[in-house]
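**Student:** sequence unavailable; structure follows:
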């Protein structure tokens, strides 16, 4: 039970090597890229801030995420830049390393984060939602604004509200998302500060 809520006890967690800042040269590459994440096949890196509310508990920190054809690598960091969790997903499955140096394995990010952190990170859909797209293979309902950008989306038991976009070389990409689980017990907010595209 204690490990399920370890993520909310951030001042006690130390993992100095986990911080994954976006290098300056990658920020320049993002600014000069004319490809959207969708055009590049969904390949991206992002750096941002995450806020989670779950069953009366709350957490805020930062997020570093690399997604490509090989899989995903996600760092969740405390507000002070200390690592809380490192999640790696590839053809071999999913592994989550905690600040204490323990490693857990599962078939998907959702069940693994629920087991270890106490809340589900909806990574399967989120890799599409963060680029302003619906996830393939499941029904979705949403609304598009006059600028042809998603305003909100309902998919896989989540409602995603797009609260802002950032233009990168003429390509609009989400800058702020708020996601609410269908049972209303879990809310995830994501502010994307930096996009890095191929």
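**Tutor:** Thanks, I have it. Since the model is a prediction, treat every value here as computed from it, not as a measurement.
**Student:** most remote residue from the chain's center?
**Tutor:** Distance from the centre of the chain peaks at residue 146, with 26.6 Å (Cα atoms, centre = their mean).
**Student:** ok but that one is inside a helix, no?
**Tutor:** No - secondary structure of residue 146 (DSSP: H, G, I helix; E, B strand; the rest coil): coil, not part of a helix.
**Student:** pLDDT at it, what is it?
**Tutor:** Predicted confidence (pLDDT) for residue 146: 90.
**Student:** what sits against it?
**Tutor:** Residues near residue 146 by Cβ atoms under 8 Å, 6 or more residues apart in numbering: none. From N, CA and C alone the C-beta is placed, and that goes for glycine too.
**Student:** quick check: which ranges of this protein have low pLDDT?
**Tutor:** 1-41, 169 (pLDDT under 70).
**Student:** strands along that one, start to end?
**Tutor:** Per DSSP state E, the chain carries strands over the ranges 44-54, 57-68, 71-77, 83-90, 93-98, 103-106, 140-144, 150-155, 158-168, 171-181, 186-196.
**Student:** dump these to JSON lines, plus distance to residue 123 and mean neighbour count.
**Tutor:** Listed next are those as JSON lines, based on distance: least, Cβ to Cβ, whole Å; neighbours: other Cβ atoms under 10 Å:
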{"stretch": "strand 44-54", "distance to residue 123": "12", "mean neighbour count": "20"}
{"stretch": "strand 57-68", "distance to residue 123": "9", "mean neighbour count": "18"}
{"stretch": "strand 71-77", "distance to residue 123": "7", "mean neighbour count": "21"}
{"stretch": "strand 83-90", "distance to residue 123": "7", "mean neighbour count": "20"}
{"stretch": "strand 93-98", "distance to residue 123": "9", "mean neighbour count": "18"}
{"stretch": "strand 103-106", "distance to residue 123": "12", "mean neighbour count": "14"}
{"stretch": "strand 140-144", "distance to residue 123": "17", "mean neighbour count": "13"}
{"stretch": "strand 150-155", "distance to residue 123": "14", "mean neighbour count": "18"}
{"stretch": "strand 158-168", "distance to residue 123": "12", "mean neighbour count": "17"}
{"stretch": "strand 171-181", "distance to residue 123": "12", "mean neighbour count": "19"}
{"stretch": "strand 186-196", "distance to residue 123": "11", "mean neighbour count": "20"}
